[in-house]
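Peer 1: Kindly generate the corresponding structure for this input.
(one chain, ligands or ions: 1)
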Amino acid sequence: MKRMYRRDFLRALGLGSVAAIGAGRAWGAPIHEGSRIVEQGMAVSRGGAAFFEDGKVVQPRREIPVFRDTDVLVVGGGTAGVLAALAAARAGVRVTLVERYGCFGGLWTAGLVLIVLCTHVRTGGKHQKVVQGIGDEMLARIAELKHGAINYGPESTHDATTDPEVTKYVMATMLREAGVDILLHGWVTNAIMDGNTIQGVLFESKSGCLAVKAKVVVDASGDGDVLDAAGAESVPHIHRIGLVHRLGNVPSGLDSKGLNLGGGTPVPGVRWVNMQGPQGDCLDIQTLTQCELDAREAIWAKLKEIQERPGYENVFLLDVASQLGVRASRTLVGTEELRLEECRSGKARPDVVGVGGSYSILDMQPCPIPYGTLVPKRVDNLLAAGRCVAADNAMLNYTRLIAPCMLTGHAAGAAAATAVTSKVSPRNVDVAAVQGLLKQQKAYLG
Ligand SMILES: Cc1cc2nc3c(=O)[nH]c(=O)nc-3n(C[C@H](O)[C@H](O)[C@H](O)COP(=O)(O)OP(=O)(O)OC[C@H]3O[C@@H](n4cnc5c(N)ncnc54)[C@H](O)[C@@H]3O)c2cc1C
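Peer 2: Coordinates of the predicted model:
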């Protein structure tokens, strides 16, 4: 396939500079030239159609092309996946990132969950930033852009709220700067195994089914899709499924009693509205469909109510999250587990790989996260990151927050890179070396 350079791409988009093609002509460029018929696209590896045999659907045996051979493969480009890819790539190993959608950030952006909880510890009037390193660098870069963030900075006593498009843009920029090999629109469906060792994954795409071979795989899919495919033990969860939306043109200073207008965003007049939603099995396609449809109806009904209130007639629905608000589905059974009572008692964690900020369930104490919560009990060369790491039912409501996902993502990427460079499985990696790399990347470990 012919490689398209940035300049050619911008030219094709009609977004080139004025000097290159002339702004007026670019935006108004005609589209009548029709399509181009190409000689041969990329081979689509379906291996022939499926068929019925004895009333069962059978897929023919087929060979799947190895599309990439990499050191570290990260599955999922949400908060945890992006942090993992950046940490590993900056440590000098080859990283490929496969994401099922067309943008980065997962629930933080496509899910429109905009407030980044637990970046600081707040005790006795003190306010200390514990999420440092790559996560904080990302927040700072988001905040630097116009309408990028509110409540970010040394003086702030609130959690930062970010703009989803700015966040997607900053994430993509950082990944490209770090040289991460990015594959968007690829849905990982299976693992390639040799006994208990993962060797890569299969993903479905418009180019058919393709394989990625990797030395270490980081499952940052949120749902533990790779953990499950690889046969790693996991715990299934039923949790609330919501659908977040944003309202535009929301006036301030009026009586809003009884109206849920959500929280402020970096864009004036725009508010993001969280939704609890019903409890459901987040891995069941019928539940996901029902929740998506019901939630959209509820959002429109609520909008009508808002618009009926004097002064709010011109409020409009800006957007509904393109990623359904799945809070928890699978969590890893790790070599260690974060347990609420141990966390509350301030248990020492010699293998700490990140320290999370204050949260009500922890009586506002900092939360050291041990490395073992990322490591499957029985599958090798695989790590978990983000909301699927090992935590009990209570602590899951902490590890799934955006800042802790930054920490476990950063840690998984650093551990994966350390495993590759020291030629051992992540299970046997020298945790002190991982901690050293994390500190080099400016992470705070207490
Ligand atoms: C309604 C709701 C409200 C919340 N409120 C807050 C809040 O106020 N503050 C806060 O800090 N946190 C909040 N959270 C939690 C937080 O937003 C998420 O838990 C966190 O963003 C998860 O990050 P992650 O990277 O682990 O997973 P995700 O953000 O889910 O990212 C996973 C990524 O993997 C991709 N993916 C999934 N499966 C595959 C596959 N098979 N192949 C390829 N790609 C795949 C997805 O497209 C996605 O990009 C909320 C969550 C919800 C649902």
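Peer 1: Could you use CA atoms for every contact and neighbour count after this?
Peer 2: Will do.
Peer 1: For the ligand, tell me whether stretch 118-128 is touching it.
Peer 2: No - Stretch 118-128 lies out of reach of the ligand by CA under 6 Å from any ligand atom, never closer than 6.9 Å.
Peer 1: what does stretch 213-224 give?
Peer 2: Yes - shown here: stretch 213-224 in contact with the ligand (CA under 6 Å from any ligand atom) through Ala220, Ser221, Gly222.
Peer 1: Kindly report the residues of the stretch 1-150 of the chain close to the ligand.
Peer 2: Applying CA under 6 Å from any ligand atom, we find that the stretch 1-150 of the chain lies next to the ligand at 75-81, 98-101, 104-108, 113, 115-117.
Peer 1: Narrow those to those in strands?
Peer 2: Val75, Val98, Glu99 (DSSP state E).
Peer 1: Scan the residues of stretch 213-224 next to the ligand and report the most crowded one.
Peer 2: Highest neighbour count within the residues of stretch 213-224 next to the ligand: Ala220, with 36 neighbours (other CA atoms under 10 Å).
Peer 1: Could you report the neighbour count for Ile37?
Peer 2: Neighbours of Ile37 (other CA under 10 Å): 7.
Peer 1: where's it relative to the ligand, distance?
Peer 2: Note on Ile37: its distance to the ligand, by CA to the nearest ligand atom, to the nearest Å, is 30 Å.
Peer 1: the helices in the stretch 101-250 of the chain, which residues?
Peer 2: Taking DSSP state H, counting those that start in this stretch as the criterion, the stretch 101-250 of the chain contains helices spanning 133-144, 164-177, 225-230.
Peer 1: Name the nearest residue to Tyr101, ignoring sequence neighbours.
Peer 2: Excluding the flanking residues, the one nearest Tyr101 by CA to CA, 6 or more residues apart in numbering is His185, at 5.0 Å.
Peer 1: Does the one you found touch Gly102 like I think?
Peer 2: Yes - counting by CA atoms under 8 Å, His185 touches Gly102, with 5.8 Å between them.
Peer 1: Just want to know which of those two has more residues nearby.
Peer 2: Taking neighbours as other CA under 10 Å, His185 and Gly102 compare with His185 leading, 15 against 12.
Peer 1: Contact partners for the nearest residue to Gln435 once chain neighbours are set aside?
Peer 2: Nearest non-adjacent residue to Gln435, counting by CA to CA, 6+ apart: Val353, 6.2 Å away. Taking CA atoms under 8 Å, 6 or more residues apart in numbering, we find Val353 in contact with Pro368, Ile369, Pro370, Tyr371, Leu407, Thr408, Ala411, Val434, Gln435, Leu438, Leu445.
Peer 1: Mark which of these are part of strands, please.
Peer 2: Per DSSP E, the subset of those in strands is Pro368, Ile369, Pro370.
Peer 1: Tell me how far the residue nearest to Tyr101 lies from Gly92.
Peer 2: As for His185, its distance to Gly92 is 26 Å (criterion: CA to CA, to the nearest Å).
Peer 1: Stretch 310-320 near the ligand at all?
Peer 2: No - Stretch 310-320 stays clear of the ligand (CA under 6 Å from any ligand atom), getting no nearer than 11.8 Å.
Peer 1: ah, wrong one, I meant stretch 151-165
Peer 2: No - Stretch 151-165 does not reach the ligand (CA under 6 Å from any ligand atom); its nearest approach is 8.9 Å.
Peer 1: Once you drop chain neighbours, what's closest to Lys439?
Peer 2: Leu445 (7.5 Å).
Peer 1: Dump the contacts of Val353 into TSV; add pLDDT as well.
Peer 2: Formatted as TSV, those follow (pLDDT from 0 to 100):
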residue	pLDDT
Pro368	97
Ile369	97
Pro370	98
Tyr371	98
Leu407	98
Thr408	98
Ala411	98
Val434	98
Gln435	98
Leu438	98
Leu445	97
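Peer 1: Ranking by neighbours, what's the top pick from the residues you listed?
Peer 2: Thr408 (35 neighbours).
Peer 1: and the spatially closest residue to that residue that is not a sequence neighbour, what pLDDT?
Peer 2: If the residues on either side of it in the chain are set aside, Thr408 comes closest to Ala385, at 5.2 Å by CA to CA, 6+ apart. What the model reports as pLDDT for Ala385 is 98.
Peer 1: To what extent is Ala385 buried, counted in neighbours?
Peer 2: The number of residues packed near Ala385 is 37, by other CA under 10 Å.
Peer 1: distance between stretch 371-390 and the chain's centre?
Peer 2: Relative to the centre of its chain, stretch 371-390 is centred 16 Å away, using CA atoms, centre = their mean, to the nearest Å.
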